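Participant: Take a look and give me a structure for this.
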Amino acid sequence: MTTDLFAEDLNSVIRQHSETLAKQLYAQRESLFPPDAKKQMRKFTSGEAAALLGVNDSYLRKLHLDGKGPSPETTAGNRRLYSAQDLQDLRQLLEKTARKPGDYLPGRREGDHLQIIGVMNFKGGSGKTTTSAHLAQRLALTGYRVLAIDLDPQASMTALHGVQPEFDLPEGGTLYDAIRYESPAPIRSVIRRTYIPNLDLIPGNLELMEFEHETPRALAQGNAGLFFFRVRDALAQVDADYDVVVIDCPPQLGFLTMSALSAATGVLVTIHPEMLDVMSMSQFLRMTADLMDVIADSGADMSHDWMRYLLTRYEPSDAPQNRIVAFLRTMYGDNVLNAPMLKSTAISDAGLTKQTLYEVDRSAFTRSTYDRAVESLNAVNDEISALIQKTWRRG
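Facilitator: Model (predicted):
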């Protein structure tokens with residue numbers, strides 16, 4: 001025990017630092033997104049819009065000149081800028097004359113089941129939240145109806161989408177409300193629209209930890225039921241509203257992660273290709289398998305449509321990383337996504353203003369840096385989109 005006259009209780013210091021940081025973050029948000037502190041999605045150039053829609057820029061121009069579809073904003077230099085809502089309206093228009101159904105609206109059709117993707121890793125810093133946020137946004141921008149769920153109490157994906165947990169969620173509003181044991185709320189009551197059409201969000205905050213604390217008590221009292229189905233059963237209430245659910249899982253194998261795993265139809269495990277990370281992943285996979293055995297023994301169907309490993313923060317010029325990548329590909333084969341997520345200053349720089357790379361204008365970066373990072377993200381997310389289509393027996 002310290003005898004320093006100036007010593008302070010550690011909990012007091014930490015609480016004071018937490019409150020100071022929260023106020024500074026709130027002030028930063030107010031300055032970034034005045035006057036109502038709400039984020040908006042940037043507009044897309046005609047070239048970006050054409051690429052997202054899968055058509056030629058000249059065709060988009062013809063539609064505009066013919067007065068078909070939404071009218072884009074025209075700049076002084078006669079450049080056309082399209083909003084995310086314009087893109088969605090164009091999809092609806094183009095789908096009517098598409099060669100085959102789903103060319104422009106790739107979501108579910110009759111008989112297709114909801115895709116629930118759990119993004120997970122046991123070790124922090126593996127790019128899990130970056131992956132989840134960019135995947136959810138890319139799927140929404142390419143025409144899927146997406147629900148993003150922040151199941152991580154640290155709530156980084158929530159903050160990326162303009163919601164600051166300490167100030168915006170003082171009385172709940174996370175998935176915990178819908179999966180708690182006493183008087184669960186309807187899941188629709190915690191779903192928020194975002195500034196991107198087709199993308200809704202269930203934010204996270206520290207309240208999610210209550211599920212970790214309450215589940216052991218409920219199990220001891222014999223009234224937890226099949227606790228690992230709480231997330232699945234909550235999502236069943238909105239099954240018809242979405243094509244894809246993306247869950248950013250906590251970075252540990254607790255009850256929240258187990259429940260998310262039980263709900264998932266697809267599992268994406270992020271790996272930073274460094275030896276320490278790979279060694280910790282070995283333990284993570286072993287623990288996951290043991291826990292899933294327990295769940296399966298309770299009568300749950302633990303089959304999934306797919307499981308993939310995503311290499312994150314990958315540096316092609318790093319020789320040790322390349323050896324580990326080769327090792328993983330040899331060991332796991334097709335279970336490793338072909339496209340890695342490259343390490344990029346553009347992604348981290350965008351994060352400084354609580355934005356994803358899809359939200360930042362290309363002019364904010366060196367073109368080659370931005371293009372390289374976006375191409376990497378698109379390749380990853382479009383490979384996952386192809387997996388979704390394959391699950392629905394298309395493509």
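Participant: So, low pLDDT: which residues of the stretch 251-395 of the chain?
Facilitator: Counting by pLDDT under 70, the stretch 251-395 of the chain has low-confidence residues at 395.
Participant: In it, mark out all the strands, start to finish.
Facilitator: 266-271, 306-311 (DSSP state E, counting those that start in this stretch).
Participant: The first one vs strand 306-311, what angle?
Facilitator: Here the directions of strand 266-271 and strand 306-311 differ by 20 degrees (axes from the mean of the first three to the mean of the last three C-alpha atoms, to 10 degrees).
Participant: rewinding a little: out of the strands of the stretch 251-395 of the chain, deepest packed?
Facilitator: Greatest average neighbour count among the strands of the stretch 251-395 of the chain goes to strand 266-271 (a mean of 23), per mean count of other C-beta atoms under 10 Å. In this view, the C-beta of every residue, glycine as well, is placed from N, C-alpha and C.
Participant: Quick one: list the elements packing against it.
Facilitator: Helices and strands touching strand 266-271, by 3 or more C-beta pairs under 8 Å, 6 or more residues apart in numbering; DSSP states H and E, are strand 115-120, helix 128-141, helix 275-297, strand 306-311, helix 367-391.
Participant: Next, the angle strand 115-120 makes with that strand.
Facilitator: Using the same axes, to 10 degrees, strand 266-271 lies at 20 degrees relative to strand 115-120.
Participant: Pull the residues that contact strand 266-271.
Facilitator: 115-121, 126-128, 131, 135, 261, 277-278, 281, 304-312, 328, 384, 387-388, 391 (C-beta atoms under 8 Å, 6 or more residues apart in numbering).
Participant: tally of neighbours for R91?
Facilitator: Residues lying near R91 (other C-beta atoms under 10 Å) number 22.
Participant: part of a strand, is it?
Facilitator: No - remark: R91 does not belong to a strand; assigned using DSSP: H, G, I helix; E, B strand; the rest coil, it is helix.
Participant: Can you give me every residue that contacts the closest residue to it other than its chain neighbours?
Facilitator: Distances taken as C-beta to C-beta, 6 or more residues apart in numbering put Y104 closest to R91, at 4.4 Å, once the chain neighbours are dropped. Y104 makes contact with 53-54, 90-92, 94-95, 98, 143 under the criterion C-beta under 8 Å, 6+ apart.
Participant: Same check on D243?
Facilitator: So D243 contacts 106-108, 112, 114-115, 139, 144-146, 388 (C-beta under 8 Å, 6+ apart).
Participant: Mind checking which of these are buried?
Facilitator: Buried positions within the contacts of D243, assessed by neighbour count (16 or more other C-beta atoms under 10 Å), are 106-108, 114-115, 139, 144-146, 388.
Participant: Grab the two from those that are most spread out in space.
Facilitator: Across these, the longest distance by C-beta to C-beta is 14.3 Å; it joins P106 and L114.
Participant: could you show me where the helices are in the stretch 101-250 of the chain, in order?
Facilitator: With helices called from DSSP state H, counting those that start in this stretch, the stretch 101-250 of the chain shows them at 128-141, 156-160, 165-168, 176-179, 209-221, 230-235.
Participant: what's the fourth one in contact with?
Facilitator: Residues external to helix 176-179 that are found in contact with it (C-beta under 8 Å, 6+ apart): 184-187, 189-190, 207-208, 210-211, 230-231, 234, 237, 259.
Participant: Alright, I will stop here.
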